[in-house]
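Visitor: my questions are about this predicted structure, shown below with the sequence.
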Amino acid sequence: MSEKSPMDGVQIQDGYRRRSVDSRFRQLCIFIAVVSVLILVALLASILLRGIPYLTWTLLSGGPEPNPKEAGIRPAIFGTLWVCSICALLTLPIGIATAILLEEYKPKNSIGRFLYSLIQLNISNLAGVPSVVYGILGLSAFVSMFGLFSSKGDAGSFAIGARHYDQFFSEGERAILVPVERLDSPSTDPSSDMLALDSDLNPVQIFVLKPGGPEATEAQLPYAMFEDSEPGRITKKAWYYFSLPLGRGVLTGALTLMLVVLPVIIISAQESLRAVPSSLRAGALGLGATPWQVVWNVTLPSAIPGIMTGSILAMSRAIGETAPILIIAGIVYISRAPEHLMDDFTVMPLQVYNWIGRPQPEFHGIAAAGIILLLIILLSFNAVAVLIRHKLQKPLS
C-alpha cells in the first residue's frame, strides 16, 4: 500500500483554490454585465417614457422654434442623413483601399518597411485622438482651406452652380431680379430696357417711375419701380453648387467626420484581412492568379464580414459625434433641410444638445423624443450594414 505524498494535498488544495478563483471571477463578470445591461435598460426606459408623448408629426415635420409646441427636428434629421451618408460614401472606399495597400502590398526593402511602420504608427495614434481635435483641423483645412482662397466668399473664390442677382421690390411689393455677372459687380441702375426676372426666373417687363412722369397703371404696378430704387445683392444656388473654400456646409461636416472614423475603419479592415488564412492566398497564387486577382476574388470577399462589423461601429460613432460638428457648424438657427453640399446644416445631436440646455421642461421632453429618433436612424443604418454582412457571409460559408 503506497503512502500519499505531502505534495498531493498541496496540489488538491491548489486545484480547489484555482477553481474557486475562477468561479468568483466568472460571477464578477456576470455581475458587471448584468449591472451594465440594467443601467442601459433604465436609461432607455427613462428616455422612452419621457419622449414618446412628444413623438408627434409636428416634431418630424417642423423646424426649431422658440415655442415648444411648434418645435421640430426635420432640418436636423435631413442634416444627419446628408452628413452621415456622404461620410460613409467617402470613408469606406478610402479606408478599405488603405488597409489593402498596407496589408497586401507590404514593401520589401528597408526604406519601405520604415515608412510602413511610420504610417502604421500614425494610424494607430490617430484612432485615439479626441474628436474635438479633428473639429479644429476641419475648421482650418476645409472651412478656410488654410487661407489659400479669398475670404470674400463667391467674389474671390472658385464657384460653380451659383447665379447672382440684384433684387428690387416693385411698388406692388413683388421681387424683381436682375442678373449680374459677379457678386462684387456694381449695383444695377433701374432702366426700362434691362433684363428683369420675377421670383420664378421668368422674364418680365418693368416700368420705371420718374419724378413728374406718368404714373403706373394697375396692370403695371406689380413691376413698377422708381429710378432711384436701390437693390440688394442675392445669390441663388443650384443643387450642384460647389465652391472653394468649402465653408461651413454639409461637405465640410462629412469630411471632418471622415477624419474622425477613418483610422478606426482602416485598423478594423486590416485586422479582418489578417484573419484570412494565408493558405487561401497561396492556393490562388499557385493557380496562377495575380496579386490583385487574389485580393479582389479571395482575400477581400473573405474579409468583408469583419470589415462591415468595424464599419458599423465607426459609423455609429460618426452619427453621435457632437464636438467636431459644433466647431464646424456651431449652434445656429437652421429652419430648413440642406439643399446642396455647400448648404448650412445642423445635426440631431446638436439639436438635442440645444434643447437640453433650455430651461423649459417641455424642451427636455422634446430632446428625449429627438434621442429616440436618433436611435431609430442609428439602428436603421446598422441594420442595413448587418444585412449586407450576412448576405456576403452566405456565399463564403
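Guide: Cool, got the structure.
Visitor: what's near enough to touch Ser192?
Guide: 205-208 (Cβ atoms under 8 Å, 6 or more residues apart in numbering). Every residue, glycine included, has its C-beta placed from N, CA and C.
Visitor: of these, closest to Glu321?
Guide: Closest approach to Glu321 among the contacts of Ser192 (Cβ to Cβ): Ile206, at 50.0 Å.
Visitor: just the buried residues of the contacts of Ser192.
Guide: 206-208 (16 or more other Cβ atoms under 10 Å).
Visitor: mean confidence score for the helix ranked longest in the chain?
Guide: Across the chain, the longest stretch assigned as helix under DSSP state H is helix 6-51. Helix 6-51 shows a mean pLDDT of 85.
Visitor: renumber starting at 41 from here on
Guide: Sure, I'll start counting at 41 from here, so that last one is helix 46-91.
Visitor: report the buried residues of the very next helix or strand once past that helix.
Guide: Heading C-terminal from helix 46-91, the first helix or strand you meet, by DSSP states H and E, is helix 97-101. Of all the residues in helix 97-101, those buried under the rule 16+ other Cβ under 10 Å are 98-99.
Visitor: can you give me the strands for the chain?
Guide: Counting by DSSP state E, one finds strands in the chain at the ranges 198-209, 215-220, 236-237, 243-244, 247-249, 264-266, 272-284.
Visitor: just checking, what packs against the third one?
Guide: Right, the one you point to is strand 236-237. strand 215-220, strand 243-244 (3 or more Cβ pairs under 8 Å, 6 or more residues apart in numbering; DSSP states H and E).
Visitor: for the closest residue to Gly272 other than its chain neighbours, what are its contacts?
Guide: Distances taken as Cβ to Cβ, 6 or more residues apart in numbering put Gln207 closest to Gly272, at 4.9 Å, once the chain neighbours are dropped. Residues in contact with Gln207 (Cβ under 8 Å, 6+ apart) are 215-218, 271-274.
Visitor: just Leu177 next, same as before
Guide: Contacts of Leu177 (Cβ under 8 Å, 6+ apart): 296, 299.
Visitor: for it, give its distance to Ile367.
Guide: 9 Å (Cβ to Cβ, to the nearest Å).
Visitor: where along the stretch 91-240 of the chain do the helices fall?
Guide: For the stretch 91-240 of the chain, applying DSSP state H, counting those that start in this stretch gives helices covering 97-101, 114-144, 150-166, 171-178.
Visitor: save these as CSV, and put in mean pLDDT too.
Guide: Compiled in CSV, the helices of the stretch 91-240 of the chain are given as follows (pLDDT from 0 to 100):
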stretch, mean pLDDT
helix 97-101, 91
helix 114-144, 93
helix 150-166, 90
helix 171-178, 91
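Visitor: what's the mean pLDDT across stretch 183-202?
Guide: Averaging pLDDT along stretch 183-202 gives 71.
Visitor: err, stretch 404-413, not the other one
Guide: The pLDDT scores in stretch 404-413 average 93.
Visitor: just the CA coordinates of that stretch, formatted as CSV?
Guide: Below are the C-alpha coordinates for stretch 404-413, written out as CSV (Å, rounded to 0.1, in the frame of the first residue of the first chain):
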residue,chain,number,x,y,z
HIS,A,404,-36.4,68.4,-22.3
GLY,A,405,-39.2,66.1,-23.4
ILE,A,406,-38.7,67.1,-27.0
ALA,A,407,-35.0,66.3,-26.5
ALA,A,408,-35.9,62.8,-25.3
ALA,A,409,-38.0,62.3,-28.4
GLY,A,410,-35.1,63.5,-30.6
ILE,A,411,-32.9,60.9,-28.9
ILE,A,412,-35.4,58.2,-29.8
LEU,A,413,-35.4,59.3,-33.4
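Visitor: packing partners of the longest helix of the chain?
Guide: helix 401-436.
Visitor: buried stuff in the helix it packs on?
Guide: Buried residues in helix 401-436 (16+ other Cβ under 10 Å): 403-415, 418, 421-422, 425, 429.
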